[in-house]
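>>> Coordinates for the following, if possible.
(2 chains)
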Amino acid sequence: MIRFDNVSKVYPKQTRPALRDVSLEVEKGEFVFLVGSSGSGKSTFLRLVLREERCSHGQVHVLGKDLARLSNWKVPQMRRQLGTVFQDFRLLPNKTVAENVAFAQEVIGKSRGEIRKSVPQVLDLVGLGGKEDRMPGELSGGEQQRVAIARAFVNRPKLLIADEPTGNLDPQTSVGIMKLLDRINRTGTTVIMATHDQNIVDQMRKRVIELEKGRLVRDQARGVYGYQH
Amino acid sequence: MRAQFVLSEIGVGLRRNLTMTFAVIVSVALSLALFGGSLLMSDQVSTMKGYWYDKVNVSIFLCNKSDAQSDVNCAKGAVTEDQKKQILADLHKMSIVEKVAYESQDQAYKHYKEQFGNSPLASSLTPDQMQESYRIKLKDPQKYQVIATAFNGRDGVQSVQDQKGILDNLFQLLNLMNRAALGVMALMLLVALLLIVNTVRVSAFSRRRETGIMRLVGASGFYIQAPFIMEAAVAGLIGGGLACVFLVVGRYFTIDHGMALSAKLTLINFVGWDAVLTKLPLILATSVLMPALAAFFALRKYLKV
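Numbers count the residues shown, from 1 in each chain, chains lettered A, B, ... in the order given. Presented below is the predicted three-dimensional model:
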């Protein structure tokens, strides 16, 4: 699903690489936590997977494709198979819940019939059935994140990337979000989640990849958040 | 692509940037109106050339009695019948001369009265103060110089005049005006382009949330850029439409009504409506393509995939 071979990333005008010689593989259907302190390279890792950045050295394969060889105009096709969720939800404030989810389908040219069918379905899946016409501002943080997850999942991606999805939520709400991500994972979708949330990582007992100053320092199946935190 | 989605995005974008959109429309309208105006002016110059060049004369003015005292060229006295015959014979011998007409003092007086009838100078003038002249039509109007060298300084000839030379001054003036219009147009066009680039930039910035999401869910570059490009094109088209209205109204009020130049300057052939109408598609096409291209290049910088 994802394969990094000796990947390094140096941003222009910076001497210290954001990622150094990282090699790892994520299989189809896995649930992976990406942990590490701020500046450890988590975001760079995710940006490389999304091909928002290209790596400086090494090779990044996502969904069997070498991203270095993927031409710019094919990137959108690749991204349609990925779903992305962020800490700050990134919903459109002037659109309703249903419109926010539908937006992800409209802009890739899905037909109206298809949208009408899949939006209520995915909203039911994330537990927001009946709130289709609410505006994001009227919802709690947890509900907003569910909308964002619905939007990321509505196109049925093979890989869901979550960048600190519980970072703005209280522990109880976070548990709900994690249950939802777990359920999505059980449908066969690979989930890769960057997080700082120790409790969640410890409870879930999934594979943990830890980065420190750009290096891969730990890759542990059924791991916990860390020892020194 | 869903047309309705794109159209609603364009509407939202244009309204959000109302002041900028207005500035784009006005600057596009003015620059293209000037562009059309200068095209029409060149048309006008060539129409006028066609009209005058047909009738252009070289005139050989002959000495009269009063010239004999006042003009050095006529120091040997007024023109004689023999001299006139000789001049006419020489003219007929020249292959470049198509036609020669003789204007007597009485005819000259009559023509003068027609042209300047009410001026105080005309009322004090008598026919014997007028000059006799030969009005010559040349096969090639450019060959004026041949006549001038042949007859200037000859006994009985007061002067050889080239009407084309006088007209050229007029054309030079028109050309100068034309160039000034083109210069202003170029500046306005530059302003319009900069405004478009800036508008697109602001528009892309205010919608970065939407475009960010579009990128992440895999919308194609074209789908992301189309609303911005269409926005610029629609604003440009409105400007182009206004420019067309300016041109049509402008011709109507300067030539047909209002200033009514066609009634006042009957000697001049003005450009017809056909000349105006053929400019309109060009203006409209420019008004759409130019902003669309400007937007496209502006977006390459601000909306990367």
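
>>> Within range of chain A, give me the residues from the stretch 151-300 of chain B.
Residues of the stretch 151-300 of chain B lying close to chain A (CB under 8 Å from any CB of the partner chain) are B:209-210, B:212-221, B:223-224. In short, each C-beta sits where N, CA and C put it, glycine included.

>>> From the residues you listed, list the buried ones, please.
B:210, B:213-221, B:223-224 (16 or more other CB atoms under 10 Å in any protein chain shown).

>>> Packing partners of the lengthiest helix in chain A?
Ranked by number of residues, the top helix in chain A under DSSP state H is helix A:171-186. Packing partners of helix A:171-186 (3 or more CB pairs under 8 Å, 6 or more residues apart in numbering or on different chains; DSSP states H and E): strand A:31-35, helix A:141-153, strand A:159-163, strand A:190-194, helix A:198-204.

>>> Help me confirm that A:Arg79 comes into contact with B:Val217.
Yes - taking CB atoms under 8 Å as the definition, A:Arg79 is a contact partner of B:Val217 at 6.8 Å.

>>> list the contacts for A:Leu159?
A:1-2, A:49, A:62-63, A:81-83, A:189-192 (CB atoms under 8 Å, 6 or more residues apart in numbering or on different chains).

>>> Go again with 7 Å.
A:1, A:63, A:81-82, A:189-190, A:192 (CB atoms under 7 Å, 6 or more residues apart in numbering or on different chains).

>>> gap between it and chain B?
Taking CB to the nearest CB, to the nearest Å as the measure, A:Leu159 falls 12 Å from chain B.

>>> again with A:Arg112
8 Å.

>>> tell me, what residue is most central in the chain?
Using chain A. With distances taken as CA atoms, centre = their mean, the residue of chain A nearest its centroid is A:Ile161 (1.4 Å).

>>> Actually, chain B is the one I wanted.
Judging by CA atoms, centre = their mean, chain B has its centre closest to B:Met41, at 1.4 Å.

>>> wait, doesn't that residue sit right on B:Asn178?
Yes - the pair B:Met41 / B:Asn178 is scored as a contact, 4.7 Å apart, by CB atoms under 7 Å.

>>> what about A:Arg69, how many residues close to it?
As a burial measure, A:Arg69 scores 9 neighbours (other CB atoms under 10 Å in any protein chain shown).

>>> try B:Val100
If you count neighbours by other CB under 10 Å, B:Val100 ends up with 17.

>>> A:Gly58 should be in a strand, yeah?
Yes - per DSSP: H, G, I helix; E, B strand; the rest coil, A:Gly58 lies within a strand segment.

>>> Just give me the neighbour total for the residue nearest to A:Val154 when sequence neighbours are not counted.
Nearest residue to A:Val154 in three dimensions, chain neighbours excluded: A:Val122, at 4.6 Å (CB to CB, 6 or more residues apart in numbering or on different chains). Neighbours of A:Val122 under the rule other CB under 10 Å: 21.

>>> quick one, what contacts A:Val122?
A:Val122 neighbours (CB under 7 Å, 6+ apart): A:101, A:150, A:153-154.

>>> Could you identify the most distant pair in the residues you listed?
Farthest pair in the contacts of A:Val122 (CB to CB) is A:Val101 and A:Phe153. Separation: 9.1 Å.

>>> Please say which of the two ends up with more neighbours.
More crowded of A:Val101 and A:Phe153, by other CB under 10 Å: A:Val101, with 29 against 23.

>>> Separate out the buried members of the contacts of A:Leu159.
Counted by 16+ other CB under 10 Å, these give A:1, A:63, A:82, A:189-190, A:192 as buried.

>>> out of the residues you listed, which one sits closest to chain B?
Within the buried ones among the contacts of A:Leu159, the smallest distance to chain B is 7.6 Å, found for A:Leu82 (CB to the nearest CB).

>>> Can you spell out the domain ranges of the chain, please?
Because you didn't say which chain, this covers chain A. What the record gives for chain A is the domain set A:1-81+A:157-223, A:92-156, from automatic domain parsing.

>>> Wait, chain B was what I had in mind.
B:3-52+B:168-302, B:55-162.

>>> Output the buried ones among the residues of the stretch 151-300 of chain B next to chain A as TSV; include the columns secondary structure and pLDDT.
Below are these laid out as TSV (DSSP: H, G, I helix; E, B strand; the rest coil; pLDDT from 0 to 100):
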residue	secondary structure	pLDDT
B:Glu210	helix	88
B:Ile213	helix	90
B:Met214	helix	90
B:Arg215	helix	89
B:Leu216	helix	89
B:Val217	helix	89
B:Gly218	coil	89
B:Ala219	coil	89
B:Ser220	coil	87
B:Gly221	helix	84
B:Tyr223	helix	84
B:Ile224	helix	87
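
>>> Thanks a lot, catch you later.
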